Each structure stands twice: as structure tokens, then as C-alpha cells.
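K.L.:
After the sequence you'll find the predicted model.
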Amino acid sequence: MIRIKQYGALVLKCMAVVCLVAGISLLIHAEQPGDKAYLLEIDGAISPASRDYIHRSLGEAFEGNAALVVLRMNTPGGLDTSMRDIIRDIIASPVPVVVYVAPSGARAASAGTYIIYAAHVAAMAPGTNLGAATPVQIGGLPDIKPPTMPTPSKQKDGEKDEQEKDQMKGEEDTIAPVGGDAMTKKIMNDSIAYIRSLAEMRGRNVEWAEKAVREGASLSAEQAMAEGVIDLIATDLDDLLTKIDGLEVYVNGKPRTLNTDNLLTETLEPDWRNRLLSVITDPNVAYLLMLLGIYGLFFEFVNPGYLVPGVTGAICMLLALYALQVLPVNYAGLLLILLGIMFMVAELFAPSFGALGIGGVISFVIGSVILFDTEGSELKVAIPLIIAVSAVTAGFFLIAIKMVFSAHRKPVVSGAEQMLGDIGEVMEDFDTRGRIHIHGETWWSISNTPLKKGNQVKVTDIDGLTLKVEPVEEN
């Protein structure tokens, strides 16, 4: 019994030593960055797909013990929510992130400016620009400034007037412009505070950051370098890695010296999930998927049993709902689209001489225009697509309405009602009730006029299984 206890204690000690060695090795491995630099590419608007791509790539860079992440960017801006998620991931990343605006001719406008200010290292290629970070609210009311009252000029004390003008001019440079509704002021003040906090955290130009938001100012790469907005200008990726070698940055509050000499660069491509998300979250694609889903389900309900329209419509509708979940949808626009389709469908079943159809088309077009209430002009449904879809939809319903009216005008070609107005032959003499031969069948008939065998009669009405007839006048 004593030996068993001794062996157990020895085993526990050995396990403790092994765990301690493994923990120390993992700690040393985590503290020492590897010899790889991961390259990420953003070319287009900042969207939920961009957010998902960067989030996954930064996690993969940490798991792969990368020494550096280079985010090569060319963007006109994008969604505020996606931009803030990307910035949170960059700030929290244990791997230093270099945001590089490239190649020449690229830009980092609007949301891209915020991302540059959040980077551990900000770099630009020659011939690029950044700025124009004023938040834009699509579909809002115009900013109406109150009228200013003219001040009377004074003939005396000219020097005093000049001093007052200089003082007022200085105050105009520091005070936010007056005008606009409360929501516009809130968005502006929030954006200014956000970019100022990023500039103060990274030690970059705070005054120009506020100017980029308040006035929509922009800078070239050389001007940004002179203003202290970026850290360096690099012609290509190799030049970038050479210039940041030995640069000290703060990662999660701790200083770290970058060692980029002989780093291997590996490009992280978006996976299939991100590619699918990038496709369906395009506003034009999401718009088409929603309409295909609505039309497919509508045709399946009208003509049950075809299955193909219903299956296709259900798949398109589910993909559209997922895309609309991550996009900034204006629900008033969505309701207007549905209302327009309902009006056009109602025109088929309750013809109103165009009132419902025209109203439905107008509602459909307006809803399509304001469907996405975005803060970036890149994320909206293209006007040519709206015109094309609206024209096709209106044309389809007009053709369907014409076919409905034509069908109402045509005579009945099936059932007993098809005999109305047809000619039959009397089979026997009778005064009020007798048999006639019509359509190869024998029918009982009644007449207000006595009839002879062989007379031609015309059917005027049907009462159950009895035909009401009258004699045909001979020419």
C-alpha cells in the first residue's frame, strides 16, 4: 500500500513537470512572433463581407503566430457598423496591423480614413489619397441653415471692427456650424469624437482628423505624410516591409519592435463562405433575390403543384432575408415594395381601370429607391436596375390584365353554358314542352311558341337540365 502511494505521488510529480514545461514553451512561442506576414486585400466598399473577412483573417493570423498583418486597401467607404467592427478587431488584435493604401491610384475615403487612423502603422503608396470622412445619410431631409442677419457697418472705429472680424473668424474655425436637425448633429458629433479618439490613441494628427469629418477634407499621400496623418510612404509591399523594420508600435498597450527583415508574405484569400456573403450582400443582388423569392412563391400559390417556382422562390427568399439582415434596410422602402406588388396583383382579380396597377408601380419604384438607407453612397440599388425591374414587372401585369379582359369577352367553350345562342332541331311536335337535338345530344326544352318537328330553334337560357328555346326566323 505504501509503494502504491509512492508511485502515485511520483506520477503526479512527473505530470506536473510536463505541464509546466509545455506551458513555458507555449508562452515563449506566443511571445515570439513567427516569420510570416499575412496580406489581406480590400478592394471595394466596406461591407459585412469585408468585416467577416478581416475578423476571420486576424484570428487565423494569431493562431498561425504571424509577425505582421498587412491590410492593403482601396475603398470609397461603406457601412458605419462594418467599419466599427473592423476597427475593434484591429485594436484588439495581438498581431500588429499595417494598413497600406495601395496601389497607386487607390483611395481610402470615408470609412477607410477611420480604419487608417486605427492601424498600428499607417502607410500609403504614391498617387493615393484619403479623407472625405463626413457621414452621409441617404434619404434624409436637407440640411437647412437658418438665415443670417446682416450686421450694419460702422463708419468709425475701423480698427476695432477689423479686430472684431478677426475674432469672429477665429471663432468660426473652432465652433461647429449651426443648422440641420438634431439627428444630423448627433451623427456628426459622434463621428468627430470617434475619429479624435483614434487619432489620440495612435498619436496622429487630431486636428486634421476632425477637419476630414467636419468639412470632408482630403489629402494626397505626400500631404498626409507632411500633416502627420500617416507614418510612411512606400512604393510597394517590399518597400513597405523594409521601411517598417525596427519600428516600435504599441500592441494592446505594450511596446513591440517590428522585425520585418526576411519575412515571408502569405496572402489570405476569402473562403467560399465569405465569397457567398460578398455576393448576396451586394444591394443589387439582395434586391433581385428578394423579388425572385416573392414572384416564385406567388406563382406557386396561384398554381400549386409546379414545385419549381416554389422551391426556387423559397431558396431566393431565405438568401434575401439573410442579406437584408446584415444590410441597413429601410423598412418603409420594403413595405412600399410589398404594397406595390399587392396592388398590382389586386388589379388582376379586381380590375380598377388602372388605378391599382399604376399606384402599385409607383409604390414599387419609390420603395426600391429608398430600400437601403445607407451611410455610404456605394451601398444602394442601381437606378438602371430599378427601372428595368419595374418595367418588366409593370409589363407583365399589364399583359396579364389584358389577357384577363380578353378571356372575359370570349364566349364560353365548355360546360352547359356553351349552348347559349346555339341552334338545335325539334325532334317532335309540341306546344310548350318537348325534346330537341343539339350538340349530338337530346335535351328537354320549353318554348312559348308551338313548334313542329324539324324546326330550327335557338337556346336562350338554361334551367337545370331544361333548355329554353325560341324558333329561328327564316330568311
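P.N.:
That came through, no problem. Every value quoted in this text rests on a predicted model; they were computed, and no experiment measured them.
K.L.:
and the gap between residue 299 and residue 426?
P.N.:
Taking C-beta to C-beta, to the nearest Å as the measure, residue 299 and residue 426 are separated by 50 Å. Quick note: C-beta positions are derived from backbone N, CA and C, even for glycine.
K.L.:
Now do residue 234: how many residues are near it, please.
P.N.:
22 (other C-beta atoms under 10 Å).
K.L.:
ok, so what distance separates it from residue 248?
P.N.:
As for residue 234, its distance to residue 248 is 18 Å (criterion: C-beta to C-beta).
K.L.:
which residues does residue 432 contact?
P.N.:
Residues near residue 432 by C-beta atoms under 8 Å, 6 or more residues apart in numbering: 446, 447, 448, 450.
K.L.:
Swap in 6 Å and give it another go.
P.N.:
Residues near residue 432 by C-beta atoms under 6 Å, 6 or more residues apart in numbering: residue 446.
K.L.:
pLDDT value on it, please?
P.N.:
As predicted, residue 432 sits at a pLDDT of 87.
K.L.:
Neighbour count for residue 299 and residue 426, which is higher?
P.N.:
Regarding residue 299 and residue 426, a neighbour count based on other C-beta under 10 Å identifies residue 426 as having more, with 21 against 16.
K.L.:
For the more buried one, give the beta-bridge partners.
P.N.:
When bridges are called by DSSP bridges, residue 426 pairs up with residue 436.
K.L.:
And the strands in the stretch 1-150 of the chain, which stretches?
P.N.:
Secondary structure of the stretch 1-150 of the chain by DSSP state E, counting those that start in this stretch: the strands cover 36-43, 68-74, 97-101, 107-109, 121-124, 129-131.
K.L.:
Report all helices and strands that the last one contacts.
P.N.:
The one in question is strand 129-131. helix 111-118, strand 218-220 (3 or more C-beta pairs under 6 Å, 6 or more residues apart in numbering; DSSP states H and E).
K.L.:
which other residues reach the first one?
P.N.:
For helix 111-118, the surrounding residues in contact (C-beta under 6 Å, 6+ apart) are 46, 73, 75, 77-78, 83, 87, 90, 99, 108, 122, 130-131, 133, 195, 198-199, 204, 212.
K.L.:
now the angle between strand 68-74 and it, please.
P.N.:
Interaxial angle, helix 111-118 versus strand 68-74 (axes from the mean of the first three to the mean of the last three C-alpha atoms, to 10 degrees): 160 degrees.
K.L.:
And helix 111-118, how far out from the chain middle?
P.N.:
Offset of helix 111-118 from its chain centre (C-alpha atoms, centre = their mean, to the nearest Å): 21 Å.
K.L.:
what about this protein, any weak spots by pLDDT?
P.N.:
Scanning the chain for pLDDT under 70 picks out the ranges 1-34, 136-181, 351-354, 373-379, 400-418, 474-475.
K.L.:
tell me the domain ranges of it?
P.N.:
The chain is divided into the following domains under automatic domain parsing: 36-139+184-277, 281-322, 328-410, 416-471.
K.L.:
Need the winner for burial among those.
P.N.:
Comparing the domains of the chain by mean neighbour count (mean count of other C-beta atoms under 10 Å), domain 36-139+184-277 ranks first with a mean of 19.
K.L.:
hang on, the earlier thing: do you know which of the strands of the stretch 1-150 of the chain lies nearest residue 294?
P.N.:
Closest to residue 294 of the strands of the stretch 1-150 of the chain, according to C-beta to C-beta: strand 36-43, at 32.5 Å.
K.L.:
and that closest one, C-alpha only, in PDB?
P.N.:
Provided in PDB are the C-alpha atoms of strand 36-43 (Å, rounded to 0.1, in the frame of the first residue of the first chain):
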ATOM      1  CA  LYS A  36       5.300  35.300 -41.700                       C
ATOM      2  CA  ALA A  37       3.400  38.300 -42.700                       C
ATOM      3  CA  TYR A  38      -0.200  37.800 -43.800                       C
ATOM      4  CA  LEU A  39      -1.500  40.000 -46.600                       C
ATOM      5  CA  LEU A  40      -5.200  40.900 -46.700                       C
ATOM      6  CA  GLU A  41      -7.000  42.700 -49.600                       C
ATOM      7  CA  ILE A  42      -9.900  45.100 -49.600                       C
ATOM      8  CA  ASP A  43     -10.900  46.500 -52.900                       C
END
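K.L.:
Note down every partner strand of that strand and its orientation.
P.N.:
Partners of strand 36-43 in the sheet, by DSSP bridges, are strand 68-74 (parallel), strand 264-267 (parallel).
K.L.:
which residues touch the longest one?
P.N.:
If you take C-beta under 6 Å, 6+ apart as the criterion, strand 68-74 is touched by 37-43, 61, 95-102, 106, 108, 112.
K.L.:
could I get the helices and strands packed on strand 129-131 as JSON lines with distance to residue 345?
P.N.:
Below are the helices and strands packed on strand 129-131 laid out as JSON lines (distance: least, C-beta to C-beta, whole Å):
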{"stretch": "helix 111-118", "distance to residue 345": "40"}
{"stretch": "strand 218-220", "distance to residue 345": "49"}
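K.L.:
Just tell me which of these ends up closest to residue 469.
P.N.:
In terms of C-beta to C-beta, the element of these nearest to residue 469 is helix 111-118, at 82.2 Å.
K.L.:
Next, the angle strand 97-101 makes with the closest one.
P.N.:
Here helix 111-118 runs at an angle of 140 degrees relative to strand 97-101 (the same axes, to 10 degrees).
K.L.:
Under a three-state scheme, what state does residue 216 occupy?
P.N.:
Here residue 216 is coil, with the state taken from DSSP: H, G, I helix; E, B strand; the rest coil.
K.L.:
looking at this protein, which residue lies furthest from center?
P.N.:
Here the centre of the chain is the reference, and by C-alpha atoms, centre = their mean the most remote residue is residue 429, at 79.8 Å.
K.L.:
Done for today, thanks.
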